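Participant: Whatever this is, show me its structure:
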Amino acid sequence: MPSFGIMTAPMHIDYHEVLRVWREADAIPEIEHAWLFDHLMPIAGDPGGPA
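Facilitator: The predicted structure is shown next:
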């Protein structure tokens with residue numbers, strides 16, 4: 001059986017924004033997991049921005 005999740009790219013946003021999205025997703029029963037990407041700096045836009 002397939003499972004569904006979300007991937008959030010935490011570029012140019014802060015932790016609280018990622019947390020808000022994950023909490024909203026947690027309220028949707030069909031979304032079983034959430035992922036972040038593994039980059040330590042933004043891959044688009046300002047390379048000195050938050051990630």
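Participant: what sits opposite the residue positioned nearest the centre of the chain in the beta ladder?
Facilitator: The centre of the chain sits closest to Thr8, judged by CA atoms, centre = their mean, with a distance of 2.0 Å. For Thr8, the residues forming beta bridges with it (DSSP bridges) are Leu36.
Participant: ok, so what distance separates it from Val18?
Facilitator: Relative to Val18, Thr8 is positioned 5 Å away (CB to CB, to the nearest Å). All C-beta atoms are positioned from the backbone trio N, CA, C, and that covers glycine.
Participant: For the two, list the residues in contact with both.
Facilitator: Residues touching both Thr8 and Val18 (CB atoms under 8 Å, 6 or more residues apart in numbering) are Leu36.
Participant: would you list every one of the helices in this structure?
Facilitator: Listed from the start of the chain, the chain has helices (DSSP state H) covering 15-26.
Participant: Now do the contacts for the residue nearest to the centre of the chain.
Facilitator: Taking CB under 8 Å, 6+ apart as the criterion, Thr8 is in contact with 18, 21-22, 34-36.
Participant: Can you lay out the residues you listed as JSON lines showing distance to Asp46, pLDDT and neighbour count?
Facilitator: Shown next, in JSON lines, are the contacts of Thr8 (distance: CB to CB, whole Å; pLDDT from 0 to 100; neighbours: other CB atoms under 10 Å):
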{"residue": "Val18", "distance to Asp46": "18", "pLDDT": "90", "neighbour count": "15"}
{"residue": "Val21", "distance to Asp46": "21", "pLDDT": "94", "neighbour count": "14"}
{"residue": "Trp22", "distance to Asp46": "24", "pLDDT": "94", "neighbour count": "14"}
{"residue": "Ala34", "distance to Asp46": "25", "pLDDT": "92", "neighbour count": "14"}
{"residue": "Trp35", "distance to Asp46": "23", "pLDDT": "89", "neighbour count": "10"}
{"residue": "Leu36", "distance to Asp46": "19", "pLDDT": "86", "neighbour count": "12"}
